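Visitor: Sequence and predicted structure, then a few things I'm wondering about:
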2 protein chains.
Amino acid sequence: MLHEDVVSQLRNILLEGEVPPGARIPERDLCTRLQISRTPLREALKVLAAEGLVLLLPNRGARAAKLTSKDVHDLFEVCQGLEALAGELACERISDKAIDAVAKAHAEMVKHYKDKNLQQYYVCNRMIHEAIVDAAANPALSSLYESVTARIRRARYVTPMTPPRWAIAVQEHEAILNALQRRDGIGLAHILRAHLRHKREEVTRAGFAEEERNGATQSSRPDAQQGVVIP
Amino acid sequence: MLHEDVVSQLRNILLEGEVPPGARIPERDLCTRLQISRTPLREALKVLAAEGLVLLLPNRGARAAKLTSKDVHDLFEVCQGLEALAGELACERISDKAIDAVAKAHAEMVKHYKDKNLQQYYVCNRMIHEAIVDAAANPALSSLYESVTARIRRARYVTPMTPPRWAIAVQEHEAILNALQRRDGIGLAHILRAHLRHKREEVTRAGFAEEERNGATQSSRPDAQQGVVIP
DNA sequence: GAAGGCTAATTTGCATTCAAAATTCAAAAA
DNA sequence: TTTTTGAATTTTGAATGCAAATTAGCCTTC
């Protein structure tokens, strides 16, 4: 019962960015923080290292994974492929009821868009994408998708959006819902690919700027945040 | 140096099928076999559980993952999506030299086909698929692909092929090489999807038959091989 | 003879311990 | 003042130990 907990707690800590990316994670600190001994903690670290959230250097401890712009770019590409696949499969397998649920989430998302509530917009957005993936009725796909998206969540959902970009995203989501309702798998796959490519371009642009800024201050604070950091 | 070794050794043991799928793995046995203590072994098991090769039941030990036909089917679908993505990206990024390498591997594969050497054919086959994935120049994709294919390797590469199916597979590979040389990403993605779908149909058909046979003998040997087992 | 329950042995999960490697800090030399 | 060297401290990697849970065996009972 403890082990699973430790992994998910640690995962949260890392995804929340409480431990700055690239920063070293002393085992003792986490032990006292999570109130466990080193054995289960180390097991959890190994698991998270396999997931790519933690970097394990032999005899030199664990570091929170630091994603370069290239890493984020790569993960977005993978995410794209997975979502496109999911969209195609979902069109074959999704129930009318599930489509309605997506439509409902979509309507709510549009409402949040009109209210300029980015936070709530993102919540609905994520729900929609996850609903489509789950509608593919492929647990292997779902869990892989979850693990990949987790790694770029901060990049994906914390990047500020410009008003024109936001409008386009909403339009794309209209098309996504439309394709899903028509059960047009090929079309949906194409739209999802384009949708995520746009998002990626946006995020990596923001990422590059951030990375350069960090590069400038890197020498003074060697253990400071490195790589792509989203505010 | 020990930890990584343990993971890959255990991975090999599992992929080779030395531990029957579904069978319980007593920690002590593996400890004596690998000449290590329980701590690093348990860490490795956790990692492999995260990869999906091992099933960890709380307080009830580890079991070699037993893949149902549905699991294999799902993983093939994911693999399809990843290969299609890789094919598309590879066409944009692959070097002429790398294309030549694929062409060379392809030629050798055809030779083994003509010699009816399935073993060597599969070796070249795998090399080609991996070369295409690596040509996508996306490490995240490569490592995900590796982990997914590892789980279905036995299903993918040990299934006996019927002569007509084999002929079709070779034809498809001709088309794959052709699309790659023309750098036709969309086309390659389509061919790869179809290629893997055919393979999947073949494997799952074999899998279902096997699963039913196992089902009949299950009661007499509760810890015997279950799920899809490829001879 | 089969079913159920109880005890003993095994096995798992976690904490602690010990050795080896890395990091830190300070003193000495350039 | 800066660099280098070397011991002390810290931190990691792995083994062992201990408590809790599970499994297996055996006896009783129907």
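Guide: Happy to help now that I have it.

Visitor: Give me every residue in chain A lying close to DNA strand C.
Guide: Within chain A, the positions near DNA strand C by Cβ under 7 Å from any atom of the strand are A:1-3, A:36-40, A:43, A:59-60. For the C-beta atoms, the positions are set from N, CA and C on the backbone; glycine is no exception.

Visitor: what stretches of chain A score poorly on pLDDT?
Guide: A:1, A:207-231 (pLDDT under 70).

Visitor: In terms of position in space, what residue lies nearest the middle of it?
Guide: residue A:153 (2.5 Å; Cα atoms, centre = their mean).

Visitor: residues in contact with that one?
Guide: Residues in contact with residue A:153, defined by Cβ atoms under 8 Å, 6 or more residues apart in numbering or on different chains, are residue A:15.

Visitor: if we go to 10 Å?
Guide: A:15-16, A:122, A:126, A:146, A:230 (Cβ atoms under 10 Å, 6 or more residues apart in numbering or on different chains).

Visitor: Same question for residue A:133.
Guide: By Cβ under 10 Å, 6+ apart, the neighbours of residue A:133 are A:82-83, A:85-87, A:89-90, A:141-146, A:149.

Visitor: Check chain A for the residue nearest DNA strand C and tell me.
Guide: residue A:2 (2.4 Å; Cβ to the nearest atom of the strand).

Visitor: I figured that residue hits residue B:59, correct?
Guide: No: Residue A:2 lies out of contact with residue B:59 (Cβ atoms under 10 Å); the separation is 11.2 Å.

Visitor: Of the two, give the one with the bigger neighbour count.
Guide: Neighbour count, other Cβ atoms under 10 Å in any protein chain shown: between residue A:2 and residue B:59, residue A:2 has more, with 13 against 5.

Visitor: Can you pull the residues of chain A lying near DNA strand D?
Guide: Counting by Cβ under 7 Å from any atom of the strand, the residues of chain A close to DNA strand D are A:24-28, A:38-39, A:42, A:56, A:58-62.

Visitor: Tabulate the CA atom coordinates of stretch A:174-185 in PDB.
Guide: As requested, the backbone C-alpha atoms of stretch A:174-185 are provided in PDB (Å, rounded to 0.1, in the frame of the first residue of the first chain):
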ATOM      1  CA  GLU A 174     -15.100  22.600 -32.900                       C
ATOM      2  CA  ALA A 175     -13.700  20.600 -35.800                       C
ATOM      3  CA  ILE A 176     -12.600  17.800 -33.400                       C
ATOM      4  CA  LEU A 177     -16.100  17.500 -32.000                       C
ATOM      5  CA  ASN A 178     -17.500  17.600 -35.400                       C
ATOM      6  CA  ALA A 179     -15.300  14.900 -36.800                       C
ATOM      7  CA  LEU A 180     -16.000  12.800 -33.700                       C
ATOM      8  CA  GLN A 181     -19.800  13.200 -34.100                       C
ATOM      9  CA  ARG A 182     -19.500  12.200 -37.800                       C
ATOM     10  CA  ARG A 183     -17.200   9.400 -36.700                       C
ATOM     11  CA  ASP A 184     -14.700  10.500 -39.300                       C
ATOM     12  CA  GLY A 185     -11.600   8.800 -37.900                       C
END
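
Visitor: still on that earlier bit, quick one: the residue nearest to the centre of chain A and chain B, what's the gap?
Guide: Counting by Cβ to the nearest Cβ, to the nearest Å, the separation of residue A:153 from chain B is 15 Å.

Visitor: likewise residue A:89?
Guide: Applying Cβ to the nearest Cβ to residue A:89 and chain B gives a distance of 7 Å.

Visitor: Now for that residue, how many residues are close by?
Guide: Residue A:89: 24 neighbours (other Cβ under 10 Å).

Visitor: ok but it is inside a strand, no?
Guide: No: Residue A:89: not assigned to a strand; according to DSSP: H, G, I helix; E, B strand; the rest coil it is helix.

Visitor: Am I right that it is in contact with residue A:140?
Guide: No: contact criterion Cβ under 10 Å: residue A:89 and residue A:140 do not qualify, at 11.6 Å.
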